[in-house]
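Trainee: structure for this input, please:
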Amino acid sequence: AFFQGLRAAGILQPEPDEEATQKAERLFELLSQKEGVVRLAHLDPAVPYLLVEFKARCIDRYGSIARAFQEWDPEGTGKISCAQFKVACHEIKHSGAIHKLLDFLDANAEGEVDLNEIDEDAAEEAEAIAEDRR
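Mentor: Numbering: from 1, shown residues only. Take a look at the predicted model:
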């Protein structure tokens, strides 16, 4: 996960050489010494703020994050495509560094955004509601 975060933040290339891998491992050791964990804010301080803004805009537009997820993922799969995510960002009028959010939320470049990465509780609530509808 740490290496994925480094890639998403543009700090580490997709196929790092041995030297870059060793530097990344040392960086992990340094960052995790104080708290025992490496937080997203260590890698890219802007992303946590972008996520907060994204969530706030979901609440403004839909009343809650879970309702936004229900709208975007009516089947309750817990995932949406990156294209759907971009449309969602435009719907909620979130224009702040969408590419940066996508780099974080789709760190593996699989073309999907896992809603749990945005808000685990809201994703679970939206999935439960979709399950109840079936």
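Trainee: tell me the helix or strand right after the least confident helix or strand in the chain by mean pLDDT.
Mentor: Using mean pLDDT, DSSP states H and E, helix 40-43 stands out as the lowest-scoring helix or strand of the chain, at a mean of 63. Downstream of helix 40-43, the next assigned helix or strand under DSSP states H and E is helix 46-62.
Trainee: residue 74 contacts residue 130, correct?
Mentor: Yes - with contact defined as Cβ atoms under 8 Å, residue 74 counts as touching residue 130 (6.5 Å). To be clear about C-beta, it is placed using only N, CA and C from the backbone, and glycine gets the same treatment.
Trainee: between those two, who's got more neighbours?
Mentor: residue 130 (17 against 12; other Cβ atoms under 10 Å).
Trainee: mind checking pLDDT for that one?
Mentor: Residue 130 carries a pLDDT score of 84 in this model.
Trainee: who's in contact with it?
Mentor: Residue 130 makes contact with 70, 73-76, according to Cβ atoms under 8 Å, 6 or more residues apart in numbering.
Trainee: out of the residues you listed, who's nearest residue 29?
Mentor: residue 73 (37.9 Å; Cβ to Cβ).
Trainee: how about that closest one, phi and psi?
Mentor: phi -130, psi 70 (degrees, to the nearest 10).
Trainee: what about it, how many residues close to it?
Mentor: 20.
Trainee: hmm, it is touching residue 126, no?
Mentor: Yes - here residue 73 reaches residue 126: they are 6.5 Å apart, a contact under Cβ under 8 Å.
Trainee: got the buried residues for stretch 14-28?
Mentor: By 16 or more other Cβ atoms under 10 Å, the buried positions in stretch 14-28 come out as 16, 24, 27-28.
Trainee: got those residues as CSV, with secondary structure, pLDDT and distance to residue 58 columns?
Mentor: Shown next, in CSV, are those (DSSP: H, G, I helix; E, B strand; the rest coil; pLDDT from 0 to 100; distance: Cβ to Cβ, whole Å):
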residue, secondary structure, pLDDT, distance to residue 58
16, coil, 85, 35
24, helix, 82, 33
27, helix, 78, 33
28, helix, 77, 32
